[in-house]
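*Asks:* what follows is a predicted structure for the sequence shown.
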Amino acid sequence: MELGKGKAGAAAGGKLLLCSLLDSKDELEERLERCVGIVTSLTSGLSEREANDALNAHICKGTPQHEEICLGLFTLVLTDPAQAQKCYRDLALVSRDGMNIVLNKINHILMEKYLKLQDTCRTQLVWLLRELVKSGVLGADGVCMTFMKQIAGGDVTAKNIWLAENVLEILTEQREWVLKSSLLVAMAVYTYLRLIVDHHGTAALQALRQKEVEFCVSLLRERFMDCFMIGRDLVRLLQNVARIPEFEQLWKDILHNPQVLSSQFTGVLQLLQSRTSRKFLACRLTPDMETKLLFMTSRVRFGQQKRYQDWFQRQYLSTPDSQSLRCDLIRYICGVVHPSNEVLSSDILPRWAIIGWLLTTCTSNVAASNAKLALFYDWLFFNPEKDSIMNIEPAILVMHHSMKPHPAITATLLDFMCRIIPNFYPPLEAHVRQGVFNSLTHIVEKRVLAHLAPLFDNPKLDKELRAMLREKFPEFCSSPSPPIEVKIEEPVPMEMENHLEKDDGCYDNAEAAFSDDEEELSSKGKKREFRFHPIKESIVEEPVDITPFLEQLDESLRDKVLQLQKGSDTEAQCEVMQEIVDQVLEEDFDSEQLSVLASCLQELFKAHFRGEVLPEEITEESLEESVGKPLYLIFRNLCQMQEDNSGFSLLLDLLSELYQKQPKIGYHLLYYLRASKAALGRMGLYESFAQATQLGELHTCLMMDMKACQEDDVRLLCFLTPSIYTEFPDETLRSGELLNMIVAVIDSFQLQELVCHVMMGNLVMFRKDSVLNILIQSLDWETFEQYCTWQLFLAHNIPLETIIPILQHLKYREHPEALSCLLLQLRREKPSEEMVKMVLSRPCHPEDQFTTSILRHWGLRHDDLLGEHIKALLIKNNSLPRKRQSLRSSSSKLAQLTLEQILEHLDNLRLNLTNTKQNFFSQTPILQALQHVQASCDEAHKMKFSDLFSLAEEYEDSSSKPPKSRRKATALASPRSRKSAAQPPNNEEESGSSSASEEEDTKPKPAKRKRKGSSAVGSDSD
């Protein structure tokens, strides 16, 4: 057996996952590499038979060894194509669980690591799927469906098309195997029916499209009742491809001759009345899309969604082809994302806001029509007994909440709702009308909206639309008389009440949207005040019901959880909680119980996660008391364990399960590690916890937990900040993400506390290698946030030269905060050549006084130093050819300095110093430099800066010619220069104003300057 050679090849270039220099080594990849090492050590130098015997002997030792060998061979298949066939054959021979370990690992990689997978490994993964299907391995159909989930809709990039084509090829080649699984047939038809729409244009895409058409039509005709399980969304997808000849014929049979397709199929109405299962709606979103959407609907606060929506837009919705993806997203949100009561009653981003954003960002009329159909699709044949209110709720709430900020959206949706009734399918108009009527009735019954008259008969809608609504839905257009108080028992009204507060919010929160002027005058301030009252203030504590979970627990664990529920005081609960932890750590504990146990704990200790965590008065005693909660016993046990202890990973798994159900557990762990004496020096445990969560990565987990902390408790955020920055410098100092969270919510007192922490050495929030980038990021933040950032920066002992290049990014109208902070700091510094260069690099503008003000200040305090630097820059820039100078200035972002810029700034400074006693321009270095520039510059510049150059002429005259000839030499000078020609040129003020005071002319100082200037020239070799 030649696995030794194969492994060497893999190690040289067969890395499994892509990663950047900043990424830590992936845990999965490390494990798989260890397994490869075991396989290689067992088989190196052996013949094929000996190697096979060695592998089998190792596998016989136990389950862990079996898993190591299977995963090692699996990894070699992925990373070493040359040895893949041999490794797969060995894998088939040694596997004792029907390849179950391998199938699970493939699903894991596809769901969580596919985007990071190396191209070679992607190719080999598809090759392995083909082999598994050929071998008829049980469970390969599940892997096949996971592969199809990775084929993104609205994406015609080469890699996505390659995956679609290869999976289709496998399904076509192994047709008999496909037909054995009804679910796989339905999933394949649903997937490729959807993809057909995207594949058009190039010859290659047309060829792929034709294969997809033939594949779908053949399965629909041969196995129609298998496809029937898709439900009404099958009709929606078939509508999109109806003009393709093969589907045109299929449509004729569906509408007019359904028995041809199946004796059980009675017609299209039967299909439309069948609700689409969630698994089909979910299969058209890639795992990454699904994770991001679920995150937005469960973790993002309403009003803070813009950055997440922008990211999603850039990633998935930025191309023309991606327009078709919006329908998949809307169907997924309506049919799959059904938030819990707790989420509905919170200020988490509601579903209607995401759908509103998707509708408002449509750029194609066809896509917009399809998106509206996707939104209303469950309305058309709605049956309260079979369908869910959650499927129709988003549409009515989008219309309701858009009335003020986006009335056009409400109007177009109401218009669509009216027009779809007769136009969807005329023979079924009565059924569609009944479906829409059922939807509206159910909405009112469930109190999603108390009544519909304010929506249907709103003055903001045009008369024609209101007339059409009155004609179609007269029952809902009359206002109820007199309003009665109704007790609300359904979960949905909690969402309705909460969203009434968000009435004026935009979908993306780009800026606040207000109502009309009349409404503004009558209720100015009221709406805003009402809107920000958190609904959770009025939450009534309901008795905890954990009965469904208890039934799934072992008897002994169930008894302890019941004791925990009945525990009257914290001490008793802590004792029981310790017993539960001890039981979890027992060797025979079933780890599958962790998820159920986590659900019980999350329900029992909801109160832990409400209110403030940090004591009002922070002392050692109060901190220790605050970490005495029963749930914190899990943290304490973790702190007392070594990381290689088997129980350590079990407790981490329990925390991971808790984290999924209650995300606040993350910052509670951070608080415990910071506040508890038992956790002294164990802050690193948080990294292990982060890697154990589904996020699996420290930076993301830390930022999400700090964000949750920021939203819940600003005092706690400030309390944690020093330890977070100290323990996790790589995660906190390389970007401004955490800093932005902090400065966005702190007040002036908390800012002063943080500044003190920095000054005392307890906190480092900036380091030299990243501070410039963070300050540049901060330019987009709010004014107070920027001032806080600069205060914190100035508390650090970082040389100003480190961040001086930020000047290149500052515009005087857009960045006044940064400019004022930088200006006040520069005035305390002695000018270096780099500083002067950056200051002079700023574009000249009459309203931008930054450069002039700092030059004036330096001129008063450090005139000789500034003069030398300006001389050096003038001569250096003057010595460059003009073309090279312009090329340099356009190509270098950090040194856009031209000779003309320097002269303009000096001229502005000259004008500013007029009528003062400052003698900056009488310095020899400045005059020599001006003389040097004047000698080589063109006539245009000589004219433009004549007053400036006149100083150099006077300097030249005074040092080399008798006084009589000076009058001629200063012909271009200003009137004042000519009037005072008898005086030395390096006058207190330079000539540019005819209104110079006589008092200055009579002072004796100029004579002294003349002698000083003469001696300087005499001793200067230049």
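*Replies:* Now that the structure is in, tell me what you want to look at. Residues are numbered from 1 along each chain as shown.

*Asks:* hey, let's count contacts and neighbours off CA atoms from now on
*Replies:* Will do.

*Asks:* low-confidence stretches in the protein?
*Replies:* Along the chain, the parts satisfying pLDDT under 70 run over 1-15, 20-24, 478-545, 879-896, 915-918, 952, 954-1022.

*Asks:* let me see the domain layout of it.
*Replies:* 27-265, 279-476, 543-733, 737-814, 833-878+897-953 (the TED database).

*Asks:* will you turn these into a markdown table that also has distance to L824 and mean neighbour count?
*Replies:* Shown next, in a markdown table, are the domains of the chain (distance: least, C-alpha to C-alpha, whole Å; neighbours: other C-alpha atoms under 10 Å):
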| stretch | distance to L824 | mean neighbour count |
| --- | --- | --- |
| domain 27-265 | 47 | 18 |
| domain 279-476 | 33 | 19 |
| domain 543-733 | 25 | 17 |
| domain 737-814 | 11 | 17 |
| domain 833-878+897-953 | 9 | 19 |
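
*Asks:* out of those, which comes closest to Q825?
*Replies:* domain 737-814 (8.0 Å; C-alpha to C-alpha).

*Asks:* just the endpoints, please. Distance across that closest one?
*Replies:* 21 Å (C-alpha to C-alpha, to the nearest Å).

*Asks:* kindly report the same for stretch 829-849.
*Replies:* First-to-last residue span, stretch 829-849, C-alpha to C-alpha: 19 Å.

*Asks:* now do it: distance to the chain's middle.
*Replies:* 36 Å (C-alpha atoms, centre = their mean, to the nearest Å).

*Asks:* again with stretch 371-388
*Replies:* That offset, for stretch 371-388, works out to 32 Å (C-alpha atoms, centre = their mean).

*Asks:* quick one: contacts of it?
*Replies:* With C-alpha atoms under 8 Å, 6 or more residues apart in numbering as the contact definition, stretch 371-388 has outside contacts at 272-273, 275, 326-327, 330-331, 334, 359, 391-392, 394-395, 413, 416-417, 421, 431-436, 438-439, 442.

*Asks:* okay but A54 is in contact with T40, surely?
*Replies:* No. The criterion here is C-alpha atoms under 8 Å, and A54 misses it with T40 at 10.8 Å.

*Asks:* now the residue nearest the centre of the chain, nearest residue through space, not along the chain?
*Replies:* For the chain, the residue nearest the mean C-alpha position is Y308 (4.6 Å; C-alpha atoms, centre = their mean). Using C-alpha to C-alpha, 6 or more residues apart in numbering and skipping residues adjacent in sequence, the residue nearest Y308 is M296, 7.4 Å away.

*Asks:* distance check, the one you found against S345.
*Replies:* Distance of M296 to S345, computed by C-alpha to C-alpha: 16 Å.

*Asks:* then L205?
*Replies:* Separation of L205 from S345 (C-alpha to C-alpha) stands at 47 Å.

*Asks:* swap in I926?
*Replies:* 71 Å.

*Asks:* residue boundaries of the helices in the stretch 401-550 of the chain?
*Replies:* In the stretch 401-550 of the chain, the helices defined using DSSP state H, counting those that start in this stretch lie at 407-423, 429-445, 453-456, 463-472, 492-500, 517-523, 526-531, 547-550.

*Asks:* show residues contacting the helix or strand following the last one.
*Replies:* Scanning forward in sequence from helix 547-550, with DSSP states H and E defining helices and strands, the next element found is helix 555-566. Helix 555-566 has contacts (C-alpha under 8 Å, 6+ apart) with L550, E551, Q573, V576, M577, E579, I580, Q583, C600, L604.

*Asks:* what sits against A690?
*Replies:* G696, E697, L698, C701, L702.

*Asks:* dump the residue contacts of the closest residue to it other than its chain neighbours.
*Replies:* Distances taken as C-alpha to C-alpha, 6+ apart put L698 closest to A690, at 5.2 Å, once the chain neighbours are dropped. For L698, the contacting residues are E687, A690, Q691, E731, by C-alpha under 8 Å, 6+ apart.

*Asks:* run a quick neighbour tally on R828.
*Replies:* Around R828 there are 10 other residues, counting by other C-alpha atoms under 10 Å.

*Asks:* circling back: restricting to C-alpha, output whichever helix or strand the residue nearest to the centre of the chain is part of in CSV.
*Replies:* Assigned by DSSP H and E, Y308 falls within helix 306-316. Extracted C-alpha coordinates of helix 306-316, given in CSV (Å, rounded to 0.1, in the frame of the first residue of the first chain):
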residue,chain,number,x,y,z
LYS,A,306,-28.4,48.7,8.5
ARG,A,307,-24.8,47.4,8.7
TYR,A,308,-26.1,43.8,8.6
GLN,A,309,-28.4,44.5,5.6
ASP,A,310,-25.6,46.3,3.8
TRP,A,311,-23.3,43.3,4.3
PHE,A,312,-26.0,40.9,3.1
GLN,A,313,-26.7,43.2,0.1
ARG,A,314,-23.0,43.3,-0.9
GLN,A,315,-22.5,39.6,-0.5
TYR,A,316,-25.6,38.2,-2.1
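
*Asks:* list of residues touching the very next helix or strand once past it?
*Replies:* Downstream of helix 306-316, the first helix or strand assigned by DSSP H and E is helix 325-335. For helix 325-335, the external contacting residues (C-alpha under 8 Å, 6+ apart) are 153-154, 278, 281-282, 284-285, 317, 351, 355, 358, 367, 370-371, 374-375, 390-392, 394.

*Asks:* by contact count, what packs against the helix or strand just after helix 325-335?
*Replies:* The helix or strand immediately downstream of helix 325-335 is helix 341-344, counting by DSSP H and E. Helix 341-344 is packed against helix 492-500, with contacts defined by 3 or more C-alpha pairs under 8 Å, 6 or more residues apart in numbering; DSSP states H and E.

*Asks:* now do the closest residue to I69 other than its chain neighbours against V102, distance only.
*Replies:* Distances taken as C-alpha to C-alpha, 6+ apart put V39 closest to I69, at 6.0 Å, once the chain neighbours are dropped. Separation of V39 from V102 (C-alpha to C-alpha) stands at 15 Å.

*Asks:* go on, F265?
*Replies:* Distance, F265 to V102, using C-alpha to C-alpha: 40 Å.

*Asks:* got it, and L115?
*Replies:* Taken as C-alpha to C-alpha, the span from L115 to V102 is 19 Å.

*Asks:* please look at L195 and D155 and confirm they touch.
*Replies:* No. Using C-alpha under 8 Å as the test, L195 is too far from D155 to be in contact (9.2 Å).

*Asks:* quick check, R734 in a strand?
*Replies:* No. According to DSSP: H, G, I helix; E, B strand; the rest coil, R734 belongs to no strand; its state is coil.

*Asks:* which SSE is the residue nearest to it when sequence neighbours are not counted in?
*Replies:* Using C-alpha to C-alpha, 6+ apart and skipping the chain neighbours, the partner closest in space to R734 is S770 (5.7 Å). When elements are assigned from DSSP H and E, S770 belongs to helix 768-777.

*Asks:* after that helix, which helix or strand is next?
*Replies:* Past helix 768-777, the next helix or strand by DSSP H and E is helix 783-795.

*Asks:* what's in contact with that following helix?
*Replies:* By C-alpha under 8 Å, 6+ apart, helix 783-795 touches 739-740, 743-744, 751, 754-755, 758-759, 765-766, 775, 778-779, 817-818, 821.

*Asks:* that helix vs helix 768-777, what angle?
*Replies:* Angle between the axes of helix 783-795 and helix 768-777 is 160 degrees (criterion: axes from the mean of the first three to the mean of the last three C-alpha atoms, to 10 degrees).

*Asks:* can you show me the CA trace of helix 783-795 as PDB?
*Replies:* C-alpha atoms of helix 783-795 as PDB (Å, rounded to 0.1, in the frame of the first residue of the first chain):
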ATOM      1  CA  THR A 783     -19.700  63.500  16.600                       C
ATOM      2  CA  PHE A 784     -19.700  62.500  20.300                       C
ATOM      3  CA  GLU A 785     -18.300  59.000  19.400                       C
ATOM      4  CA  GLN A 786     -15.400  60.600  17.500                       C
ATOM      5  CA  TYR A 787     -14.600  63.000  20.400                       C
ATOM      6  CA  CYS A 788     -14.600  60.100  22.800                       C
ATOM      7  CA  THR A 789     -12.300  58.200  20.500                       C
ATOM      8  CA  TRP A 790      -9.800  61.100  20.300                       C
ATOM      9  CA  GLN A 791      -9.900  61.600  24.000                       C
ATOM     10  CA  LEU A 792      -9.100  57.900  24.600                       C
ATOM     11  CA  PHE A 793      -6.300  58.100  21.900                       C
ATOM     12  CA  LEU A 794      -4.700  61.100  23.500                       C
ATOM     13  CA  ALA A 795      -4.700  59.300  26.900                       C
END
